[in-house]
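Enquirer: I'll drop the sequence and a predicted model, then ask my questions.
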Amino acid sequence: MLHNLAHNWATLVIRGIAAIIFGLLALSMPGITILVLVVLFGVYALIDGAANLIAAFRTGIRSHWPLLLEGIVGILAGLLTLVWPNITAVVLSYLIGFWAIVTGIFEIVAAIRLWRVFGHEWILLLSGVISLIFGFFVLTVPLAGALAIVIWVAVYALVFGMLMISFGLRLRHFKRRRLAPGTSPSPA
């Protein structure tokens, strides 16, 4: 399992870069309208979901079903957001909150599974916990203004993006170390 994830480390980096770009765009336009936020979130959720689906199919769906489910949820959230662009701030808050909670749950599940193989996989676990906290926070304060939602989403995306890039690069290092000359790759 870990070897397969390490082989596809770039998809995590792509997810992280997409999240950071989304976060920076949202922060750079503090007066952003809810419609632009909807489109930005929709595009980000589609990219994130597609990256998860690609990783799930490359590494084998049976052993990586959390990636598959997270990918499906991300694509559905992105499509729903883009198909329903006149969504209100409250509905968008609920959509983003539920999406972050589902994402966090699957990240925690994946981190626990990797913990047994990789050991001390705190980056993905932390990402999942942050996703859960963010999701519950957004759900408890749905009437906060659109500007507050933009800032919350942007900061979350930046932190999430940095963690995904860090995890992807850690897997890349693991892959290189395992396949370096003089080392024998052990089955993972």
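Expert: Okay, I see it.
Enquirer: Quick one, grab the pLDDT at residue 43.
Expert: At residue 43, the predicted lDDT confidence score is 90.
Enquirer: okay, now it: neighbour count?
Expert: 17 (other C-beta atoms under 10 Å). From N, CA and C alone the C-beta is placed, and that goes for glycine too.
Enquirer: The nearest residue to it once chain neighbours are set aside: what's it in contact with?
Expert: Nearest residue to residue 43 in three dimensions, chain neighbours excluded: residue 78, at 6.9 Å (C-beta to C-beta, 6 or more residues apart in numbering). The neighbours of residue 78, taking C-beta atoms under 8 Å, 6 or more residues apart in numbering as the test, are 41, 42, 43, 44, 45, 46, 47, 48, 49.
Enquirer: Report the buried residues of the helix or strand containing residue 78.
Expert: Per DSSP states H and E, residue 78 falls inside helix 65-83. By 16 or more other C-beta atoms under 10 Å, the buried positions in helix 65-83 come out as 66-71, 73-75, 77-78, 81-82.
Enquirer: avg pLDDT for it?
Expert: On average, helix 65-83 scores 88.
Enquirer: Could you check the pLDDT of the residue nearest to residue 123 when sequence neighbours are not counted?
Expert: Nearest residue to residue 123, sequence neighbours excluded (C-beta to C-beta, 6+ apart): residue 167, at 4.6 Å. Residue 167 is assigned a predicted lDDT (pLDDT) of 87.
Enquirer: So residue 167 versus residue 6, what's the distance?
Expert: 11 Å (C-beta to C-beta, to the nearest Å).
Enquirer: Those two - which one has more neighbours?
Expert: Per other C-beta under 10 Å, whichever of residue 167 and residue 6 has more neighbours is residue 167, with 25 against 22.
Enquirer: which SS state does the more buried one fall under?
Expert: With DSSP: H, G, I helix; E, B strand; the rest coil as the basis, residue 167 sits in helix.
Enquirer: Quick check: it vs residue 118, distance?
Expert: From residue 167 to residue 118 the distance is 10 Å (C-beta to C-beta).
Enquirer: buried ones in the helix or strand residue 55 falls within?
Expert: If you go by DSSP H and E, residue 55 is part of helix 34-59. Neighbour counts over helix 34-59 (16+ other C-beta under 10 Å) mark 34, 37-38, 40-56, 59 as buried.
Enquirer: before we move on, the earlier item: now the element after the helix holding residue 78, going C-ward?
Expert: Taking DSSP H and E, what comes next after helix 65-83 is helix 89-118.
Enquirer: That following helix: which residues count as buried?
Expert: Using 16+ other C-beta under 10 Å as the test for burial, helix 89-118 gives 89, 92-93, 95-97, 99-111, 113-114, 118.
Enquirer: Return the list of helices and strands in contact with the helix or strand just after it.
Expert: Tracing the chain past helix 89-118, the next element assigned as helix or strand by DSSP H and E is helix 122-140. Contacts defined by 3 or more C-beta pairs under 8 Å, 6 or more residues apart in numbering; DSSP states H and E place helix 122-140 against helix 89-118, helix 146-178.
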